[in-house]
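>>> Just need the structure, nothing else, for what follows:
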Amino acid sequence: MIYFIDGYNFLFLQEINPKNLESARIETLEFFLEKAKERPYQFVIVFDAYKDKNSYSRVDYGKIEVVYTSHNQSADDYILEQVYRLRHTCAVISNDKKLLQKAKLLNAEVCSFQQFLSRFTSKIDTEKKPTSLNLDQKYYFEKFGKGEKQDL
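I've put the predicted structure just below:
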């Protein structure tokens, strides 16, 4: 399964300082690299670069691919193009309701970041660490801050 992550949507959920975007992107990449080690998932983290005059760029980090969209292309548009191409073999993770609705119409799995993290960590915890539930969620909230917190 390929998971398309709406990059800036994820970052801004954390109420980051816009002056520290690069370090926030690196922390996001590290977080998903750790998750990719635990499961057979592939993540594509997509960032808007449509205001930047530079062209499309893509960097592979094993099971993680980071995409900066082309000039005049939003992350949402890129994600929807890929979903159209892949359909049943991908999922879109975002808190952007319009993006999720469009992706769902294209038969992709969709969920919010909170739903994804809850599902993702519970599968890992029950399969690998049944006595230590919610450790991944606790890590996420300590590392990235605000979100829909659950009792930890």
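
>>> lowest-confidence helix or strand of the protein?
helix 135-144 (a mean of 51; mean pLDDT, DSSP states H and E).

>>> Which helix or strand contains Arg58?
strand 57-61 (DSSP states H and E).

>>> What strands line up against that strand, and which way round?
Under the criterion DSSP bridges, strand 57-61 sits next to strand 64-68 (antiparallel) in its sheet.

>>> what's the angle from the helix or strand following the partner strand to strand 64-68?
Reading on from strand 64-68 to the C-terminus, the next helix or strand found by DSSP H and E is helix 75-86. Here the directions of helix 75-86 and strand 64-68 differ by 130 degrees (axes from the mean of the first three to the mean of the last three CA atoms, to 10 degrees).

>>> On the C-terminal side of helix 75-86, identify the next helix or strand.
Following helix 75-86 toward the C-terminus (DSSP H and E): strand 90-93.

>>> before we move on, the earlier item: can you name the residues in contact with the strand holding Arg58?
Leu29, Leu33, Ala49, Glu65, Val66, Val67, Tyr68 (CB atoms under 8 Å, 6 or more residues apart in numbering). C-betas here are computed from N, CA, C, even on glycine.

>>> can you rerun that using 7 Å?
Strand 57-61 is contacted from outside by Leu29, Leu33, Glu65, Val66, Val67, Tyr68, using CB atoms under 7 Å, 6 or more residues apart in numbering.

>>> Report the rounded mean pLDDT for whichever strand or helix holds Gln101.
Assessed by DSSP H and E, Gln101 sits inside helix 97-105. Helix 97-105 carries an average pLDDT of 96.

>>> if we look at it, which residues are touching it?
Counting by CB under 7 Å, 6+ apart, residues outside helix 97-105 touching it are Asp6, Asp76, Ile79, Leu80, Val83, Val92, Ser94, Val110.

>>> buried subset of the contacts of strand 57-61?
Among the contacts of strand 57-61, those buried by neighbour count (16 or more other CB atoms under 10 Å) are Leu29, Glu65, Val66, Val67, Tyr68.

>>> By pLDDT, give me the weakest of these.
Among these, Leu29 has the weakest pLDDT, 85.

>>> shouldn't that residue be in contact with Val66?
Yes. The pair Leu29 / Val66 is scored as a contact, 6.5 Å apart, by CB atoms under 7 Å.
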